[in-house]
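Asker: what's the 3D shape of this:
(one chain, ligands or ions: 2)
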Amino acid sequence: MDPLLQKLNAAQREAVLHVDGPLLILAGPGSGKTRVVTHRIAHLLKQGVHASQILALTFTNKAAQEMRRRVEQLAPGERVWVSTFHRFGARLLRERADLVGLGQNFTIYDTSDSRQTLKRVIEAEKIPTMHYTADRIAAGISSAKNKLITADEYQPRSSSPLSSVVARAYPAYQERLLASSAVDFDDLLLHVAKLLKDNPEVRAELDSRFRYVLVDEYQDTNRAQYVILRALSLDYPNLAATGDPDQSIYGWRGADLNNILDFEKDYGQAKVIRLEQNYRSTKAILRAADMLIGHNQRRKKKALFTENDEGAPIRLVTYADQDAEASAIAQQIRAAIDSGERKASDFAVFYRINALSRSVERALRAHRVPFQMVRGQEFYQRKEIKDVLAYCQLINNPKDDVAFVRTVNSPTRGIGKKTLDALNDHAYRYGTPLLDAAREAGLIEGLAKRSATKLSQFVALVEKLASRAAGPVEEVIGSVITESGYRQRLVDSDDEEDASRLANIEELLTDARQFDEESEGEFEGGAGLEEYLERTWLVNETDNWEDDSDKVTLMTLHAAKGLEFPVVYLVAVEDGILPHERSSMDTQQLEEERRLAFVGITRAEQQLQLSLVRRRDFRGQRRMAVPSSFLMEMPTAEMDTDHGGQTFEIDPWEQFELPPEEEVWTDPNAAEPEESKPSISAAITTAAELSGEAAPKPSHPPQPHTRFSPDDFSLDMTVRHPEYGLGKIKSLSGAGKRRAATVEFALAGERRIVLAHSPLEPVGNKG
Ligand SMILES: Nc1ncnc2c1ncn2[C@@H]1O[C@H](COP(=O)(O)OP(=O)(O)OP(=O)(O)O)[C@@H](O)[C@H]1O
Ligand SMILES: [Mg+2]
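Answerer: Ligands and ions are numbered 1, 2, ... in the order given. Modelled structure (predicted):
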């Protein structure tokens, strides 16, 4: 048999051998979907398809890089375009920038740059924001863009005050981006989708150029991505999508599960292949994952089996607090390494939000366990790095207003807010970029002569730097930091922090040198600088992850997608964290949280430990942690549980005085705080928060006033107890104040609870 097909099972082989026509590979975790994608590319090449006719898309740079590596192994010497959606979008857009009114040298704004632009627009155009924060408004714009609603098409809904603010801010923001020849991340897809829609000849050309399109993790595509893929597969419908609806975890970024669920409808005669054998995990791990995901209502059931061993039982451990949790994990890892049983890179620690990593980092350090934190963007997000890169941005794209604002007074040149305001007004009035406005500084009304001179000096600096833009990137950055005085200011400072800033800038020079070496001879006339900037703009979470180093990996659940590790620790499996507190009022969001937990669990090959704590210090507050509702949905009885001598006997409610009788019976929903109501914009507040950048609000124990009445409880109902966690009502007895429920708690076992005196809450009927 062809060696390419040897390491594939029958269903995988069928998918690999499929050449023409739409193909959907629908399968659970660890079943070889990604393997099929790489082997299919190799097979296409073998069939004589030219490498340039193949386009493979995925979501993270890491995944793209890994795919490229595997293809290279299977088909040495072939250069297939394997990319993330955003990089692909950026590349295509540079080829056709004129069609959407952008300069070819457009800048890609990151979240903070686009937020700043939005704020400036709101201020300059005096748009009434009705107290909505820029983040909320930005989320509204982003959500519209992900649904492919352009600024002209956006219609406010009368039921949503936020949408009427968005309706004013969106067009103004978009206009400003265009004037700066800049795009935000969403635009990379929006512009391309629109370009393909409005220019049939361009669409047809690209459709024929990319004869075979492959997409991994198709379940995470949003509307814009869907439209792009559709446009590239009309005349040549050779789209192969692989995905798992149960692993869709980017709903907050507009991912639309219907894209995968409707594939067969959208692409007639699609061949659908299901892969049912999991090669990754033990039976014990797979069983728990399967049970958990079975609680999602909105899903198609899938069969998944493994011939792997039963494996060790999953460990479910309760620790006293997060330090105990972290140091126990570090100790276990240390011991396994010392005994020679495992190496550091066998381990991964996952958490729902980045803020939870700190105690784990500290403990690993204390136990001298090498580790790497996967936290994208960090380097390029540092202030000093952004400052220096902003000069490069301005050289590359003189219309870039954000870069202008960032550099004009950094290092300090005595150009103050008043000067900038006058400049900004002028730029708005005449519709010019700030740099052009600064060129006319002498003519600007209300600008002092001294200020005008300073602005002219700055313009001269930028022009001087721009004249050298065509050289190697390292030299460009070298002259930026020297000529601007940026380096000198750091050198002269006594501040410790400035010393470390200086070191970071040296690091940036090294980074640029590496880029120059990698791309030697590839670019001409300044294109190198643009390519380098693009690299810094489109880094994502998994970029700084080295899989060949012997270190423990620390990452958020979102970043873990597609990866696998022999031993996985999932920490803080607690209510309010996983599931995230924000999801508690919304069934759809709760299901997405469940999928996130599912993704985490299914990364584990041999061993999995789930842990939680009794007390967690969080955002400066100490609170009693409640076990995650998801634990109740897993086979905890067969797990190796250890509550570390922690009992569930303490009653924190003793400290509360019972309120007067009549208050006990008030409607718990009547006084629901405004901000806990679900809304679209709350659902997508900020990408950063949801991807784990920020912490959820700590959940406070409900006040006794909000207790429920015995009538609120019924048989089989899921309930939450602040101390025992989640449970199900097995039986009810007695009446009135003596009415009691016998509840089977996931962790604390069976308890009889007198309802009138309990803090028990129903959890059903949400969403
Ligand atoms: N036929 C096979 N024989 C042996 N090992 C296999 C086979 N197919 C896949 N594997 C291995 O199983 C593991 C999971 O494969 P892969 O990562 O492709 O799964 P996946 O379906 O993409 O998973 P996920 O949904 O988590 O992305 C990998 O280590 C892969 O090498
Ligand atoms: Mg995969």
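
Asker: Mind pulling up the pLDDT for the residue of the stretch 101-250 of the chain found nearest ligand 2?
Answerer: Nearest residue of the stretch 101-250 of the chain to ligand 2: residue 216, at 6.0 Å (CB to the ion). No exception for glycine: its C-beta is placed from N, CA and C like everyone else's. We have a pLDDT of 96 for residue 216.

Asker: Likewise for residue 434?
Answerer: 95.

Asker: is the residue nearest to the residue of the stretch 101-250 of the chain closest to ligand 2 when sequence neighbours are not counted in a bridge, and if so with what?
Answerer: The shortest distance from residue 216 to any non-neighbouring residue, by CB to CB, 6 or more residues apart in numbering, is to residue 58 (4.4 Å). Under the criterion DSSP bridges, residue 58 forms beta bridges with residue 84.

Asker: I'd guessed residue 217 sits against residue 243; true?
Answerer: Yes: counting by CB atoms under 8 Å, residue 217 does reach residue 243; the two are 6.0 Å apart.

Asker: More neighbours: which of these two?
Answerer: The neighbour comparison of residue 217 against residue 243 (other CB atoms under 10 Å) goes to residue 217, with 26 against 23.

Asker: Quick one: residues contacting the more buried one.
Answerer: Residue 217 makes contacts with 58, 59, 63, 242, 243, 247, 561, 562, as judged by CB atoms under 8 Å, 6 or more residues apart in numbering.

Asker: circling back to that earlier point, check contacts around the residue of the stretch 101-250 of the chain closest to ligand 2.
Answerer: Residue 216 makes contacts with 33, 34, 37, 56, 57, 58, 59, 63, 67, 242, 243, 562, as judged by CB under 8 Å, 6+ apart.

Asker: do that again at 10 Å, thanks
Answerer: 25, 33-34, 36-38, 56-59, 63-64, 67, 82, 240-243, 562 (CB atoms under 10 Å, 6 or more residues apart in numbering).

Asker: Ok, residue 743 next?
Answerer: By CB under 10 Å, 6+ apart, the neighbours of residue 743 are 713, 717-719, 721, 724, 726-732, 749-753, 758, 760.

Asker: run the last query once more with 6 Å
Answerer: Taking CB atoms under 6 Å, 6 or more residues apart in numbering as the criterion, residue 743 is in contact with 727, 729, 751, 753.

Asker: Would you format those residues as CSV with neighbour count, secondary structure and distance to ligand 2 included?
Answerer: Output for the contacts of residue 743, formatted as CSV (neighbours: other CB atoms under 10 Å; DSSP: H, G, I helix; E, B strand; the rest coil; distance: CB to the ion, whole Å):
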residue, neighbour count, secondary structure, distance to ligand 2
727, 28, strand, 36
729, 20, strand, 40
751, 17, strand, 42
753, 21, strand, 44
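
Asker: So which of those residues is the closest to residue 345?
Answerer: Of all the contacts of residue 743, residue 345 sits closest to residue 727, with 39.0 Å by CB to CB.

Asker: wait, the closest one sits on residue 747?
Answerer: No: counting by CB atoms under 6 Å, residue 747 is not a contact partner of residue 727; they are 8.8 Å apart.

Asker: Show me the shaky parts of the protein.
Answerer: For the chain, the stretches with pLDDT under 70 are 375-378, 521-527, 540-545, 547, 619-620, 644-707, 764-767.

Asker: which of the residues in the lengthiest strand in it are buried?
Answerer: When the chain is scanned for its longest strand (criterion: DSSP state E), the result is strand 604-618. Within strand 604-618, the residues scored as buried using 16 or more other CB atoms under 10 Å are 604-614, 616, 618.

Asker: hmm, that strand in reach of ligand 1?
Answerer: No: against ligand 1, strand 604-618 shows no contacts by CB under 6 Å from any ligand atom, the least distance being 8.0 Å.

Asker: Just name whatever secondary elements that strand is in contact with.
Answerer: With contacts defined as 3 or more CB pairs under 6 Å, 6 or more residues apart in numbering; DSSP states H and E, strand 604-618 has these neighbours: strand 315-321, helix 322-338, strand 565-570.

Asker: Which single residue in the stretch 601-750 of the chain comes nearest to ligand 1?
Answerer: Using CB to the nearest ligand atom, the closest approach of the stretch 601-750 of the chain to ligand 1 is made by residue 602 at 6.1 Å.

Asker: looking at it, that residue is touching residue 288, isn't it?
Answerer: No: between residue 602 and residue 288 there is no contact under CB under 6 Å: 9.5 Å.

Asker: got the residue ranges for the helices in the stretch 51-200 of the chain?
Answerer: 61-74, 85-95, 111-124, 134-146, 161-179, 185-198, 200-209 (DSSP state H, counting those that start in this stretch).

Asker: Other residues contacting the helix or strand encompassing residue 44?
Answerer: Using DSSP states H and E, the element containing residue 44 is helix 33-46. Applying CB under 6 Å, 6+ apart, the external contacts of helix 33-46 come out as 4, 12, 15-16, 25, 27, 54, 67, 70-71, 74-75, 78, 80, 212, 214, 216, 242.

Asker: count of residues packed around residue 63?
Answerer: 22.

Asker: can you check residue 140 too?
Answerer: 24.

Asker: So it is in contact with residue 167, correct?
Answerer: No: at 9.1 Å, residue 140 does not count as touching residue 167 under the criterion of CB under 6 Å.

Asker: Return the distance of the helix holding residue 44 from the chain's centre.
Answerer: Its chain's average C-alpha position is 27 Å from that of helix 33-46, according to CA atoms, centre = their mean, to the nearest Å.

Asker: Which positions in it come out as buried?
Answerer: 33-45.

Asker: Next, the angle from it to helix 61-74.
Answerer: Angle, helix 33-46 to helix 61-74, by axes from the mean of the first three to the mean of the last three CA atoms, to 10 degrees: 50 degrees.

Asker: Alpha carbons of helix 33-46, as CSV, please.
Answerer: The C-alpha coordinates for helix 33-46 follow below in CSV (Å, rounded to 0.1, in the frame of the first residue of the first chain):
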residue,chain,number,x,y,z
LYS,A,33,-9.1,15.2,11.6
THR,A,34,-6.0,17.3,11.5
ARG,A,35,-4.1,14.2,10.3
VAL,A,36,-6.5,13.8,7.5
VAL,A,37,-6.0,17.4,6.4
THR,A,38,-2.2,17.0,6.1
HIS,A,39,-2.4,13.6,4.4
ARG,A,40,-5.0,14.9,2.0
ILE,A,41,-2.8,17.7,0.9
ALA,A,42,0.0,15.3,0.3
HIS,A,43,-2.3,13.1,-1.7
LEU,A,44,-3.5,15.9,-3.8
LEU,A,45,0.1,16.8,-4.6
LYS,A,46,0.7,13.2,-5.6
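
Asker: For the residue of the stretch 251-400 of the chain found nearest ligand 1, which non-adjacent residue is closest in space?
Answerer: As assessed by CB to the nearest ligand atom, ligand 1 sits closest to residue 279 within the stretch 251-400 of the chain, at 3.3 Å. The shortest distance from residue 279 to any non-neighbouring residue, by CB to CB, 6+ apart, is to residue 30 (5.8 Å).

Asker: residues contacting that neighbour?
Answerer: 278, 279, 280, 281.

Asker: Swap in 7 Å and give it another go.
Answerer: Residue 30 sits next to 278, 279, 280, 281, 564, 602 when contact means CB atoms under 7 Å, 6 or more residues apart in numbering.

Asker: was I right about the last one contacting residue 27?
Answerer: No: between residue 602 and residue 27 there is no contact under CB atoms under 7 Å: 11.9 Å.

Asker: packing partners for the longest helix seen in the chain?
Answerer: When the chain is parsed with DSSP state H, its longest helix is helix 496-518. Contact here means 3 or more CB pairs under 7 Å, 6 or more residues apart in numbering; DSSP states H and E; on that basis helix 496-518 packs against helix 383-396, helix 473-483, helix 486-492, helix 527-537.
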